[in-house]
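# just coords:
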């Protein structure tokens, strides 16, 4: 199983005010550190028009990371593909793929914040269809010399991608959240599936549904790759670990969940300002796994046994994870 | 006068090897004191770079001093907010070294007004907080009504303050592009191959650029005409940066688009062009030149231009 990670710095954080340019430097240093510590990948997310100056273009942050590393994969987690012209996205990805010598992995999501869609002139209700079509355009553009595509939202005729990426096609993951609907959608299309944070039992259900849908659609198990975000909070005691989780929720996740509709119900609707007793909120809190080193190793082994080939771990406790967790998977 | 470098990429066999040469040359040139590197947007050859902001952000970690300019940016594929964002992100990674130059409308197959609106939009997006924009070609956010004032508008000073995390599913009428560039005034140029753009840029105080594609005489005429119109419009020479790009052959023959001869001949030619056009930034488009040429230019031409 591979372990990918990231660093803070690509936005301003209310609990830790600081200069954005210093944060960007911290992010670049984090890439060097992640590679030195033995992580397999390094990522960047995406949001737009944010008061905290959240990085809007993850592949650009990864271009800075590419310049100071030579081994780690460079992943978007997630790039909000419906907010791009697909060929624009392909060009950006291909350019970075050349510069990084084939290390780009695209984690591609559909986005959920209404003002982001409005800023780019994309109807939010079309985001699912746009994501699927755009991923097909990316696949064609990065694997063929010339291609044509005639979809509901995108049309290209005799189009060629310059520069040509090193990876043909480029590595792509469908970041489909944690809904059964998303899992089925990814499985039916044979897309590699990257789950959001989720407790193990729910992850198991989602993975089973994804594989069932994929097999029914005629895809081989080897084509149905699974990855997962997995925030872990490690402490010498459960109390210490849960204390870390509380800080993580209050300093980062609560604003996204309560303010921006981050959680999605089974019908795909965003849930705004849920109570902290809401089942979706409780499930999210539980998905941030708390435990001692031994417990975290055991939890991640369950993911490995499930066939999850990559977990994306948080930036906090990175050194501890590298020293105590990663070696257990390298034996 | 600032001296910069840009590169012809179609001489390379592949982007994989050719771009490595550019990075190595930029690192050497950064140490020699060249002041700007320009990566041009292109889609005609397999070695072209269609996403210069990615290349330059990579270069921001490989160089220390030179400005990093996105060249020949087109308005047809990238969405307006992305163009404003990519420059701001580059500027933050490079701590204030970013710049942007747009390709002429005629080379993009769009009306000149489309390019003009894009320049108005990105400069406003960097300078102001929440904005909206209503133009013939651009609208931001997309639900901006026909009743909004033409061009850039900002919210009324009065009105309820609602923090972003309380917006819920509603989209406000004004949005802020973030992050903002590191410096308050990021350089923006436009190639003035089209008369309409030349006249608009001169009146609006937008910096002109002439690329290596135009013959030197025509380039000089266009830059001189720009300056004359800008003077007539009461624009100060200090508020813009006129950029001229040329190919150079040291110790070889020049032609209508290429400056040639000894280093002294090249020095004299650039001085003469500066006197005729009021350029303040000269960019050497590198094609068949060698590393030794770079060193000779830095020591025998660049320094003496200031003398």
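Thanks, I have it. This one's a predicted model, so the numbers in the text were calculated from it and none came from an experiment.
# quick one, strands of chain A?
A:2-5, A:41-44, A:73-80, A:104-109, A:147-150, A:155-159, A:171-175, A:193-195, A:226-229, A:232-234, A:263-264, A:270-271, A:289-291, A:308-312 (DSSP state E).
# contacts for the longest one?
Translated: strand A:73-80. Outside of strand A:73-80, the residues within contact range by Cβ atoms under 8 Å, 6 or more residues apart in numbering or on different chains are A:4, A:6, A:40-47, A:58-59, A:62, A:65-66, A:89, A:96, A:100, A:103-111, A:116, A:171, A:173, A:175, A:194, A:229, A:312. Just so you know, the C-beta spots here come from the backbone N, C-alpha and C atoms, and that holds for glycine as well.
# from these, which are also near chain B?
A:59, A:66, A:96 (Cβ under 8 Å from any Cβ of the partner chain).
# hang on, the earlier thing: narrow the contacts of strand A:73-80 to those that are buried.
A:4, A:6, A:40-47, A:58-59, A:62, A:65-66, A:89, A:96, A:100, A:103-111, A:116, A:171, A:173, A:175, A:194, A:229, A:312 (16 or more other Cβ atoms under 10 Å in any protein chain shown).
# what is the burial count for the closest residue to chain A within chain B?
Nearest residue of chain B to chain A: residue B:165, at 2.8 Å (Cβ to the nearest Cβ). Other residues near residue B:165 come to 14 when the count uses other Cβ atoms under 10 Å in any protein chain shown.
# where does it fall, phi/psi-wise?
Main-chain dihedrals, residue B:165, degrees, to the nearest 10: phi -80, psi 0.
# which residues in the chain form helices?
Went with chain A since none was named. Counting by DSSP state H, chain A has helices at residues A:20-37, A:58-68, A:86-99, A:114-120, A:127-143, A:180-189, A:200-216, A:238-248, A:254, A:260, A:279-287, A:293-305, A:318-320, A:326-330.
# that was the other one, I meant chain B.
B:15-32, B:52-60, B:80-93, B:105-108, B:112-127, B:195-204, B:216-232, B:263-277, B:291-297, B:303-305.
# compute the first-to-last residue distance for stretch A:117-128.
13 Å (Cα to Cα, to the nearest Å).
# in it, what counts as buried?
A:117-122, A:124, A:127-128.
# stretch A:6-17 too?
A:6-12.
# mind listing residues that contact that stretch?
Contacts with stretch A:6-17, where a contact means Cβ under 8 Å, 6+ apart, come from A:18, A:20, A:22-27, A:29-31, A:33-34, A:42-45, A:50, A:52-55, A:61, A:77, A:251-252, A:312, A:314-315.
# and for stretch B:133-147?
A:115, A:118-122, B:75, B:80-81, B:110-111, B:113-114, B:117-118, B:120-121, B:124, B:131-132, B:148-153, B:171-175.
# change it to 7 Å
A:118-119, A:121, B:80-81, B:113-114, B:117-118, B:121, B:124, B:132, B:148-152, B:171, B:175 (Cβ atoms under 7 Å, 6 or more residues apart in numbering or on different chains).
# PyMOL command to pick out the buried ones of those residues?
Here is the PyMOL command that selects only those of those that count as buried (16+ other Cβ under 10 Å):
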select buried, (chain A and resi 118+119+121) or (chain B and resi 80+81+114+117+118+121+124+132+148+152+171+175)
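# picking that back up, can I get the buried residues of stretch A:117-128 in a markdown table with distance to residue B:281?
Below are the buried residues of stretch A:117-128 laid out as a markdown table (distance: Cβ to Cβ, whole Å):
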| residue | distance to residue B:281 |
| --- | --- |
| A:117 | 39 |
| A:118 | 38 |
| A:119 | 33 |
| A:120 | 33 |
| A:121 | 35 |
| A:122 | 38 |
| A:124 | 43 |
| A:127 | 43 |
| A:128 | 47 |
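# up against chain A, what does the stretch 51-200 of chain B have?
Counting by Cβ under 7 Å from any Cβ of the partner chain, the residues of the stretch 51-200 of chain B close to chain A are B:51, B:53-55, B:57-58, B:60-62, B:77-79, B:81, B:85-86, B:89, B:92-93, B:95, B:140-143, B:164-169, B:171-172, B:175-179, B:182.
# count of residues packed around residue 90?
All of this is about chain A. 27.
# ah, I was thinking of chain B
31.
# what's the answer for the one 10 residues further on, then?
Look at residue B:100: counted by other Cβ under 10 Å, it has 25 neighbours.
# state the pLDDT value of residue 92.
Picked chain A for this. Looking at residue A:92, its pLDDT stands at 98.
# correction: the question concerned chain B.
98.
# burial count for the residue lying closest to residue B:116 once chain neighbours are set aside?
Leaving aside its sequence neighbours, residue B:116 sits nearest to residue B:200 (Cβ to Cβ, 6 or more residues apart in numbering or on different chains; 5.4 Å). Applying other Cβ under 10 Å, we find 19 residues neighbouring residue B:200.
# would you mind measuring from residue A:113 to residue B:194?
According to Cβ to Cβ, to the nearest Å, residue A:113 and residue B:194 sit 38 Å apart.
# with neighbour numbers in mind, choose between those two.
Neighbour tally, residue A:113 and residue B:194, criterion other Cβ under 10 Å: the higher count belongs to residue A:113, 24 against 19.
# so the more buried one sits right up against residue A:259, yeah?
No. Contact criterion Cβ atoms under 7 Å: residue A:113 and residue A:259 do not qualify, at 9.7 Å.
# if we can go back for a sec, which ChimeraX command selects the buried ones in the residues of the stretch 51-200 of chain B next to chain A?
Buried residues among these (16+ other Cβ under 10 Å), as a ChimeraX selection:
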select /B:51,53,54,55,57,58,60,61,77,78,79,81,85,86,89,92,93,140,141,164,167,171,172,175,176,177,178,179,182
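# follow-up on the earlier one: farthest-separated two in the buried residues of stretch A:117-128?
A:119 and A:128 (19.1 Å; Cβ to Cβ).
# make a markdown table out of the helices of chain A and add distance to residue A:163.
Shown next, in a markdown table, are these (distance: least, Cβ to Cβ, whole Å):
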| stretch | distance to residue A:163 |
| --- | --- |
| helix A:20-37 | 23 |
| helix A:58-68 | 14 |
| helix A:86-99 | 5 |
| helix A:114-120 | 25 |
| helix A:127-143 | 11 |
| helix A:180-189 | 27 |
| helix A:200-216 | 32 |
| helix A:238-248 | 39 |
| helix A:254 | 42 |
| helix A:260 | 35 |
| helix A:279-287 | 39 |
| helix A:293-305 | 36 |
| helix A:318-320 | 33 |
| helix A:326-330 | 34 |
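# nearest to residue B:105, out of the ones you listed?
Once these are compared by Cβ to Cβ, helix A:86-99 is nearest, at 19.1 Å.
# run through the stretch 101-250 of chain A and note the low-pLDDT ranges.
Scanning the stretch 101-250 of chain A for pLDDT under 70 picks out nothing.
# and it, which residues reach chain B?
Residues of the stretch 101-250 of chain A that fall close to chain B, judged by Cβ under 7 Å from any Cβ: A:114-115, A:118-121, A:162-164, A:166.
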